[in-house]
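Colleague: Next comes the sequence, and after it the predicted model I'd like to discuss.
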Amino acid sequence: MGVDLRLHSQVLPDRRDRSPVHVVVAPTSPEEMRRPLALLGEKLPLLAVTETDILLDCGRLEAASMQGRTPTMRLLQRAGLAIVVVRPRLSELRRLAVWLPVLRSGHVEVMALLSQRGPYAESEIAHTLEVEVIGSLPDDPASAAIVGGGAPGPRPDRLPLLRAARTTAAALVDRLATVGGHRDSGEAVLGTVVPLTGGTR
């Protein structure tokens with residue numbers, strides 16, 4: 001049986017008359033999330049054939065996920081592309097290095113999205129970890145407060161954080177075209193499922 005997530009979604013307003021963006025908001029309780037995550041992991045192949053790219057916020061990667069025991073890991077294993085958000089600091093990059101073989105074991109393409117500041121450049125991280133860096137988000141608490149809490153400030157298109165996010169989104173759109181085309185021939189998957197993880201621990 002197919003799943004139409006649009007029946008459970010909210011539509012983001014768009015002033016530019018582009019295709020609507022449907023958002024499914026997660027419950028606040030982790031316990032309430034277990035069943036929906038498990039169901040979503042089972043239905044991802046059906047959702048992908050709708051020719052719609054699906055972006056999932058999977059939160060942090062937990063140690064238990066390494067054995068594939070969690071709904072989050074099962075989602076990742078069925079994805080076309082996984083993006084890991086990581087700070088460019090030694091401790092976090094070491095954890096990412098441990099996680100990369102686990103994520104790639106399911107034939108999932110993995111990319112890194114850098115967040116905040118650190119002593120390592122994008123090119124150095126990409127070369128050392130052999131992972132593509134899709135973009136970098138600045139350490140910008142003022143913009144985050146405006147976006148997340150409705151604090152007063154300049155127009156969104158002037159915020160450094162949102163400008164960087166827009167650049168990253170454009171790069172992701174270009175990259176999805178490549179990933180989707182590759183998967184069509186071998187798996188009959190027309191859309192691409194992209195989990196976005198909030199780092200590792």
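Modeller: Here it is on my side, so go on.
Colleague: CA atoms for contacts and neighbours, from now on please.
Modeller: Will do.
Colleague: what are the ranges of the helices in the chain?
Modeller: 30-48, 71-77, 90-104, 122-129, 141-149, 160-187 (DSSP state H).
Colleague: got those helices as CSV, with distance to residue 19 columns?
Modeller: CSV is the format used below for the helices of the chain (distance: least, Cα to Cα, whole Å):
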stretch, distance to residue 19
helix 30-48, 18
helix 71-77, 26
helix 90-104, 31
helix 122-129, 32
helix 141-149, 22
helix 160-187, 14
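Colleague: which one of those helices is the most hemmed in?
Modeller: helix 71-77 (a mean of 23; mean count of other Cα atoms under 10 Å).
Colleague: So which elements touch that helix?
Modeller: Applying 3 or more Cα pairs under 8 Å, 6 or more residues apart in numbering; DSSP states H and E, one finds that helix 71-77 contacts helix 30-48.
Colleague: The helices of the chain: lowest mean pLDDT?
Modeller: Within those, confidence is poorest for helix 30-48, with a mean of 69 (mean pLDDT).
Colleague: burial measure for residue 12, as a count.
Modeller: By other Cα atoms under 10 Å, the residues close to residue 12 number 10.
Colleague: what's across from it in the sheet?
Modeller: Judged by DSSP bridges, the bridge partners of residue 12 are residue 21.
Colleague: Can you name the residues that contact it?
Modeller: The contact partners of residue 12, by Cα atoms under 8 Å, 6 or more residues apart in numbering, come to 20-23.
Colleague: The residue of the chain most remote from its centre and residue 142, how far apart?
Modeller: Distance to the chain centre peaks in the chain at residue 152, reaching 27.8 Å (criterion: Cα atoms, centre = their mean). Distance of residue 152 to residue 142, given as Cα to Cα, to the nearest Å: 10 Å.
Colleague: Repeat that for residue 175.
Modeller: 30 Å.
Colleague: coming back round to it: what about the residue farthest from the centre of the chain, distance to residue 66?
Modeller: 42 Å.
Colleague: What of residue 141?
Modeller: Residue 141 is 32 Å from residue 66, by Cα to Cα.
Colleague: try residue 81
Modeller: From residue 81 to residue 66 the distance is 17 Å (Cα to Cα).
Colleague: Comparing the two, which shows the higher neighbour count?
Modeller: A side-by-side neighbour count of residue 81 and residue 66, using other Cα under 10 Å, places residue 81 first with 24 against 15.
Colleague: Specify the beta-bridge partners of that one.
Modeller: Taking DSSP bridges, one finds residue 109 as the beta-bridge partners of residue 81.
Colleague: Who's the closest spatial neighbour of residue 152, skipping the chain neighbours?
Modeller: Spatially, and ignoring its direct neighbours in sequence, residue 152 is nearest to residue 146 (6.2 Å; Cα to Cα, 6 or more residues apart in numbering).
Colleague: should've said residue 87
Modeller: Nearest to residue 87 is residue 115, by Cα to Cα, 6+ apart, at 4.8 Å.
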